[in-house]
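> give me coordinates for this.
(one chain, ligands or ions: 1)
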Amino acid sequence: MLSIMYDVLIVGGGMVGASLACGLRNTKLKVGLIEPKANYTQGDFGDDGRASAVALGSVMYWQSIGVWSKMLQGGATPMHRIQISDGDYPGLVQLRCQDMGVEALGYIVPNQVTLAALWQTIGASAIDVICPGRVMAVHHLETFVQVEVLTDRGISYLSTKLLVAADGSRSGMREQEGILTDRRSYDQTCIVATVKTKMPHHNVAYERFYTSGPLAILPMSSDRCCVVWTVKQGELPRLLSLESPQIEAELEQRFAPELGEVKLESAQLRHYVPQWMHARTYTKPRFLLLGDAAHTTHPIAGQGMNLGLRDVASLVRILRQAQDPGHDRVLQQYQTERYWDNLGMILLTDTTNRLFSNQIGWCQFIRRIGLRLLQVRPFKQVLMYFMMGLHCHR
Ligand SMILES: Cc1cc2nc3c(=O)[nH]c(=O)nc-3n(C[C@H](O)[C@H](O)[C@H](O)COP(=O)(O)OP(=O)(O)OC[C@H]3O[C@@H](n4cnc5c(N)ncnc54)[C@H](O)[C@@H]3O)c2cc1C
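Below you'll find the predicted structure:
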């Protein structure tokens with residue numbers, strides 16, 4: 001039975017797990033990465049039409065580990081302004097670069113561009129990539145963890161001082177370790193589409209709140225926009241049965257009027273059920289959860305991956321100073337640093353979604369007062385500071 005000993009073994013090569021691999025590549029640690037999707041090693045990351053709003057704090061972290069320039073070349077679009085509105089109600093909040101003295105509030109990056117940049121960097125490093133590989137079982141031994149992995153050559157046994165589960169929101173690793181979660185599903189569905197608009201977007205992102213849920217319009221290259229359109233679950237069958245021109249007409253009713261006519265890039269609409277989930281603990285002996293495996297949020301504020309990257313930044317910093325990467329102190333410090341920041345964002349996005357996605361009179365009153373307060377510079381700057389992830393940037 002062949003068994004290699006790693007310092008850190010990462011399960012899951014999505015945007016968060018792959019970022020951790022890149023963050024650790026120039027350390028003295030022996031790192032392995034396990035990912036089941038064989039196409040990732042061939043540079044094929046699919047095109048699910050999804051793009052993510054990347055906060056400035058995340059951009060700064062990717063810059064610090066030398067992967068951001070590849071994303072910029074691949075097609076990252078800066079956001080110069082974010083416009084927030086309660087449907088068509090005239091009280092707009094404008095978040096501008098000038099408010100924070102920065103060149104961009106963040107960037108919109110297609111997920112496949114992010115993955116390509118990270119996997120290219122991993123390919124040029126000394127990290128062991130086990131792909132395709134799927135973890136089948138985990139055995140905790142006294143001073144290390146042994147992992148049974150199914151590869152295209154059969155079963156392999158890998159040993160590690162620290163096992164990191166970055167295997168997404170349905171994390172099999174989290175279940176195997178018996179870690180309980182708190183969660184809430186919404187009576188909503190997020191429809192994701194790419195559209196071309198008649199008028200240029202001028203690098204403005206829009207968050208328009210409707211009673212069925214928010215509509216996010218995110219600027220992308222070649223004057224296209226990624227749309228995340230949240231609707232009530234009951235509305236989905238009717239919307240999916242429509243032809244493209246009818247869907248475009250539905251979108252135009254809700255779209256920012258200054259963008260003019262809307263044309264879908266593809267007739268196929270993808271949809272996701274949003275939910276928040278938070279693991280009650282992020283750690284077990286020589287084991288920890290990272291990214292969506294530990295927490296998910298409603299996509300209303302585009303924060304899920306940004307939180308995962310903050311997990312990565314914290315863990316890399318702790319591991320750089322650790323003698324034993326799987327020591328209890330490492331796990332405890334990681335949990336302490338990350339738990340409350342993640343929980344805070346989960347609660348903020350959940351409250352915002354509940355406050356805006358209804359027609360109750362007092363909710364409407366409170367949200368309009370809230371939007372007015374956000375027109376006052378100091379309040380706006382505090383919100384922007386946290387949403388841009390600058391409070392975690394060291
Ligand atoms: C509609 C929508 C819009 C969003 N918009 C934004 C946004 O604008 N900004 C933002 O910050 N976030 C956004 N998010 C959230 C963001 O997409 C996620 O937080 C992010 O993708 C999580 O990355 P991850 O690497 O943790 O998990 P995943 O992307 O799920 O990756 C998990 C990886 O683990 C692998 N894996 C699974 N099982 C195993 C196994 N047994 N062994 C080995 N590997 C395994 C999978 O193949 C996969 O590659 C959005 C989410 C949705 C649904």
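
> where does the prediction get shaky in the stretch 251-394 of the chain?
For the stretch 251-394 of the chain, the stretches with pLDDT under 70 are 394.

> quick check: residues of it near the ligand?
The stretch 251-394 of the chain comes close to the ligand at residues Y272, G291, D292, P299, G302, Q303, G304, M305, N306, G308, as judged by CB under 6 Å from any ligand atom. All C-beta spots, glycine's among them, are computed from the backbone N, C-alpha and C.

> give me the ChimeraX select line for the residues you listed, limited to the buried ones.
Only the buried entries of those go into this ChimeraX selection, using 16 or more other CB atoms under 10 Å:
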select :291,292,299,302,303,304,305,306,308
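
> can you pick out the most distant pair from the residues of the stretch 251-394 of the chain next to the ligand?
Spatially, the most separated pair among those is Y272 and N306, at 17.3 Å (CB to CB).

> what's the helix or strand for F365?
helix 361-373 (DSSP states H and E).

> if you count neighbours, what's buried in that helix?
Neighbour-count burial for helix 361-373 [16+ other CB under 10 Å]: Q364, R367, G370, L371.

> try stretch 15-31
By 16+ other CB under 10 Å, the buried positions in stretch 15-31 come out as 15-25, 29-31.

> which ones among the residues you listed lie within helices?
Those of the buried residues of stretch 15-31 mapping onto helices are M15, V16, G17, A18, S19, L20, A21, C22, G23, L24, per DSSP state H.

> near the ligand, list only the ones from the residues you listed.
M15, V16, G17.

> follow-up on the earlier one: just name whatever secondary elements the helix holding F365 is in contact with.
strand 81-86, helix 328-356 (3 or more CB pairs under 8 Å, 6 or more residues apart in numbering; DSSP states H and E).

> packing partners for the longest one?
So the one you mean is helix 328-356. Counting by 3+ CB pairs under 8 Å, 6+ apart, helix 328-356 packs on strand 213-220, strand 275-279, strand 283-284, strand 287-289, strand 295-296, helix 304-321, helix 361-373.

> try it again with 6 Å
strand 275-279, helix 304-321, helix 361-373 (3 or more CB pairs under 6 Å, 6 or more residues apart in numbering; DSSP states H and E).

> please apply the same query to the first one.
Counting by 3+ CB pairs under 6 Å, 6+ apart, the packing neighbours recorded for strand 81-86 are strand 93-96, strand 204-210.

> mind listing what's buried in it?
Within strand 81-86, the residues that qualify as buried are R81, I82, Q83, I84, S85, D86, counting by 16+ other CB under 10 Å.

> cool, and the longest one?
Of the residues in helix 328-356, those buried under the neighbour-count criterion (16+ other CB under 10 Å) are 330-331, 333-335, 337-339, 341-342, 345-346, 348-350, 352-353, 355-356.

> so P78 sits in a strand?
Yes: with DSSP: H, G, I helix; E, B strand; the rest coil as the criterion, P78 is located in a strand.

> tally of neighbours for it?
P78 has 17 neighbours, counted by other CB atoms under 10 Å.

> give me the pLDDT value at it.
On pLDDT, P78 comes in at 97.

> how about it, nearest residue that isn't a chain neighbour?
Using CB to CB, 6 or more residues apart in numbering and skipping residues adjacent in sequence, the residue nearest P78 is A104, 3.6 Å away.

> how many neighbours does the one you found have?
17.

> likewise for I4?
By the measure other CB under 10 Å, the count of residues near I4 is 14.

> so which bits of the helix or strand it falls within are buried?
Using DSSP H and E, the element containing I4 is strand 3-11. Residues of strand 3-11 classed as buried: Y6, D7, V8, L9, I10, V11 (neighbour count, 16+ other CB under 10 Å).

> okay, now the sheet partners of that strand, with direction.
strand 31-34 (parallel), strand 154-165 (parallel) (DSSP bridges).

> give me the average confidence score over that strand.
Mean predicted lDDT for strand 3-11 stands at 93.

> neighbours of the residue in the stretch 51-200 of the chain that the ligand sits nearest to, how many?
In the stretch 51-200 of the chain, the residue that lies nearest the ligand is G168 (2.7 Å; CB to the nearest ligand atom). G168: 18 surrounding residues under other CB under 10 Å.

> which residues touch it?
Applying CB atoms under 6 Å, 6 or more residues apart in numbering, we find G168 in contact with D292.

> quick one, phi/psi of it?
Note on G168: backbone dihedrals following degrees, to the nearest 10 are phi 80, psi 180.

> I'd like the distance between it and Q176.
Distance of G168 to Q176, computed by CB to CB, to the nearest Å: 14 Å.

> ranking the strands paired with strand 3-11 by burial, who's on top?
strand 31-34 (a mean of 26; mean count of other CB atoms under 10 Å).

> how far away from the center of its chain is it?
Relative to its chain's centre, strand 31-34 lies at 21 Å (CA atoms, centre = their mean, to the nearest Å).

> again, but for stretch 97-105
22 Å.

> please apply the same query to stretch 372-388.
22 Å.

> got the contact list for it?
With CB under 6 Å, 6+ apart, stretch 372-388 has contacts from A55, L56, G57, V93, L95, M100.

> now the closest residue to V109 other than its chain neighbours. Its backbone dihedrals?
Nearest non-adjacent residue to V109, counting by CB to CB, 6+ apart: A76, 4.5 Å away. Phi and psi for A76, reported as degrees, to the nearest 10, are phi -100, psi 130.

> winner for burial among the helices and strands packed on strand 81-86?
strand 204-210 (a mean of 21).
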